[in-house]
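Asks: kindly return the folded structure for what I paste below:
(2 chains)
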Amino acid sequence: MNARTSMSVAGGAALTIYALFFASSYDQRILTLSGIYVILVLGYQFIFGHAGALSLAQGAFFGVGAYTTGILGSKFGADFLLTFPLSIVVAATLAALVSLPVLRLKTHYFALATLALSQLLLLVAINWEPVTGGANGLPGVPPVTILDWKLTRGLPLLTFVWAIVGMAMVIAHMQMRAGRVAAFTVMRETPLAAPSFGIDSGMLRLRAFLLSAAFGGAAGALFVHTNRVVSPETLGFGVMITCLTMTVVGGRFGILGAVIGALLLTHLPEWFRGFDEYYLVAVGILLLAAVVFAPEGIVALIAPAKAPHENDKPSLHTQSKRASATKPSRLALEAIDLAKSYGGVRALDGVTLSFGPGEIVGVIGPNGAGKTTLANVLTGLTPVDQGTIRLGGRDITNTPAHIIARMGLARTFQTPQLPNALTVRDLVETTQRAHGMSPAADEALDLLTIRSIADARCDTLPHGLRRQVEIARAIATNPGILVLDEPAAGLSPDEQDEIAAICISLSASGMAILLIDHNIEFLSPCVSRLICMEAGRVIADGASDETLTNPDVRNAYFGVISS
Amino acid sequence: MLLTQIALNALALGSAYALVAIGFVLVLNATTAVNFAHGEGVVAGGFAAVALAILLPPDIPIPGLLLLPGVLLVTALLGLAIGALAYLPIRKRPPISVFVSTIAVGIIIANGLNATFGAAPRTAPPLIGVGTIEFLGASLSRQSLAIIGITAVLMSGLAMVLQRTQLGRQFRACAQDPEMARALGIRLTRITMISFALGTAFAGAAGLLLAHQFFISPSDGGTLILKAYIAVVIGGWGSLRGAAAGAMLIAFFEVGVATFSSQPLAEGLLYIAVLLVLFFRPQGLFGEPQQVRV
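Replies: The predicted structure is shown next:
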């Protein structure tokens, strides 16, 4: 048993004994509220922690759940078995409705949109008096009633709420298996590159957002059963602030963090009684201190997290050959008349090229010639304005990047895109999982001779190794096509030779490689063809010598040489 | 006649909002982070005016105007404190951290004011007296005219500093590319702290301007930051002129809708409008200046 588990068990036991034998009815009420907030925070961890998006709508989902139960309960006396699932469904449906416009927004716009949504719902609750009871809300919400069994406040309700907390914990745990946690980490830390790893970022964010809403709705429903009234406060920014504070102070990841945050913040008012009205000032100071001094939350201070890969590896080393059995699928890539403009700059201006299995095609060109734009367009990261791209005969023009990646087109980036918090093995295996393969990093790591660093965190690696990890990650999925964007930049001549040798051996096994670089000495020995770009156009495409002696190419690099 | 007065009110409200939004952008450009405590800066300005007003001798014709330097000073110091506590220690972390740390500062300010002054709305003294001035047959509110005038002076002052001085050039350099500016020898920390001081002082001035006619209570910060935020999204992320224009648009929208129906409806429509803007233009109404490259 590790420290975190044993601590949880001990803490849980102590808390249970306290609740059963020592807590007054007031204490029991506070503990009930703690449980409700645990559910709210567990939900918020999906979107704020794992997806890394600052949602300010968690309070709104809480309020929506609260009002669903409140209205149905107080007006129609509806049963818990109806109102509770409905509260969850209504909150999740609201999240689904707004997800399409909202989820693709960048950080500060996402925060604004979710805040505006919350304010809008609050206005509705205050002003739609016939339904919501207006500013006073609705009294007379019935207690939790299941068929004929009425749960009274105190120990019965406390036990019931914590039973639901238990279920929420199980769901949260199942949703966040280690593999998916790693996929979220990749998406959070290398958001621009993640689709090229085959990761469907949109789907991950949607899952996180819906889960956060569902948990929020459940918490809100239980809250009104505890208070027996529903009022606009359940939709107010205060709930959001409380939830945010609990999550930041307790920890953005993991069940223990949620429990610590919720227990602490619900009990603070009792402990800080002497502060009177300045109590909330103390909460603000606590939140600020947590952000500055304990960015991973209290949970990380008292029980540091394990390296993520320790969670899930049932005998990886023994099954490491499974994925490698497959040869790269033989694919050809064909681009016809591609055009892409940024404002007035034509980054690609009628580019046509194709290459197939076993070929290594080099792309050179002065800075700004459009080489990286070409890589981004071919791999689906940047939509084209015009033109057609075919992968293995199938039209993939403007297909989402993660689908193109899964079809067998892998790439590396000019600046290696490695998520800091993951180990090399986790990164490679996460990419394999995203491709529907069973995780087996060793073969790819062996090919690059970097198996010895498999368990090193990516942020500890020096530049040369980062490049190699980047390539290992790309070839680990047995792609048919490999696009390498300046793989040799910043490497020593020896390291460059190594990369060239790897390219040659990969192409010998049937992989088609597009090698973008500046360094002719690196390219010449390994490419079968050399393309030169200038100002968004292909100005030469042929054997290495032909391209290098082409007068247009010489002009592009050296300017027109007057005769 | 009535229409002139409504337009003047909207213009005055828009001026105050514009000060808030410009202050928001000043900090944004220096830090690339959202200062969520900016709304509390406005509230602090209002309460600074309420508190300082006690020191004024009675029967002064222009009490509010006399308070302006004091309010600017107090809120500039508050801005320095926000920068030092909530930004500098975590400047290397992702922007989301600053968002949360400034939310924390907002909680501290709002609840500190609440505990000190109470939750009830307070009013600051009028800027240049109450009542109206007759001009070409229209009666114009003194307060509205003063708000517009003070805003014009503050904005011209800012424009002068930004365009004509070495400090202003450094400001603009940092706004375009903080890392490059630092590499060129600009003291980024100094510029950042000045931005916090200046930005919060602008918010504070808006607090003084708004607090007479609209009252101010400790919990008002949330709505105010939301409006500044929306103004900046409408006007183009990081653009000072855009922020001012966005603020004006919001004020005219609010006053217009509220005149013909109700305040909650005006507010609700504003939020729906901003959601629609983000739906159709996920990069903001005028796009963002720089793109991230892989």
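Asks: okay, CA-based contacts and neighbour counts for the rest of this
Replies: Fine.
Asks: enumerate the positions of the helix or strand containing A:Ala556 that are buried.
Replies: A:Ala556 is part of helix A:551-558, with elements assigned from DSSP states H and E. Judged by neighbour count using 16 or more other C-alpha atoms under 10 Å in any protein chain shown, the buried positions of helix A:551-558 are A:552-553, A:556.
Asks: got the residues of chain B near chain A?
Replies: Neighbours of chain A within chain B, by C-alpha under 8 Å from any C-alpha of the partner chain: B:34, B:86, B:89-90, B:96-97, B:100-102, B:104-109, B:111-112, B:114-115, B:226, B:229-230, B:233, B:264, B:268, B:271-272, B:274-275, B:278-279, B:282-284, B:294.
Asks: what does the pLDDT read for residue 28?
Replies: No chain was given, so I picked chain A. pLDDT, A:Gln28: 92.
Asks: look at chain B instead
Replies: We have a pLDDT of 92 for B:Leu28.
Asks: for chain A, which residue is closest to the average position?
Replies: Nearest residue to the geometric centre of chain A (C-alpha atoms, centre = their mean): A:Phe184, 3.2 Å.
Asks: my guess is A:Leu331 meets A:Ala512, correct?
Replies: Yes. If you go by C-alpha atoms under 8 Å, A:Leu331 and A:Ala512 touch, sitting 7.2 Å apart.
Asks: neighbour count: the two, which is higher?
Replies: More neighbours surround A:Ala512 than the other of A:Leu331 and A:Ala512, with 29 against 22 (other C-alpha atoms under 10 Å in any protein chain shown).
Asks: the more buried one: what's it in contact with?
Replies: Applying C-alpha atoms under 8 Å, 6 or more residues apart in numbering or on different chains to A:Ala512 gives the contacts A:330-332, A:355-360, A:480-482.
Asks: before we move on, back to that, overlap in contacts of A:Leu331 and A:Ala512?
Replies: By C-alpha under 8 Å, 6+ apart, the residues touching both A:Leu331 and A:Ala512 are A:356-357, A:480-481.
Asks: quick one: end-to-end length of stretch B:81-94, please.
Replies: End-to-end distance of stretch B:81-94 (C-alpha to C-alpha, to the nearest Å): 21 Å.
Asks: buried sites along that stretch?
Replies: Across stretch B:81-94, burial judged by 16+ other C-alpha under 10 Å covers B:81-88, B:90-91.
Asks: what residues does that stretch touch?
Replies: By C-alpha under 8 Å, 6+ apart, the surrounding residues in contact with stretch B:81-94 are A:288, A:292, B:31, B:97-98, B:101-102, B:105, B:189, B:192-193, B:196.
Asks: which phi and psi does A:Gly365 have?
Replies: In terms of degrees, to the nearest 10, the main-chain angles of A:Gly365 are phi 160, psi 150.
Asks: and the one 4 residues further on, by the same measure?
Replies: Backbone torsions for A:Ala369, taken as degrees, to the nearest 10, come to phi -70, psi -20.
Asks: repeat that for A:Leu331.
Replies: phi -130, psi 150.
Asks: one more: B:Ala124?
Replies: Main-chain dihedrals, B:Ala124, degrees, to the nearest 10: phi -90, psi 160.
Asks: what is the burial count for it?
Replies: B:Ala124: 27 surrounding residues under other C-alpha under 10 Å.
Asks: same question for A:Arg153.
Replies: Neighbours of A:Arg153 under the rule other C-alpha under 10 Å: 17.
Asks: just to check, it is in contact with A:Asn227?
Replies: No. At 9.6 Å, A:Arg153 does not count as touching A:Asn227 under the criterion of C-alpha under 8 Å.
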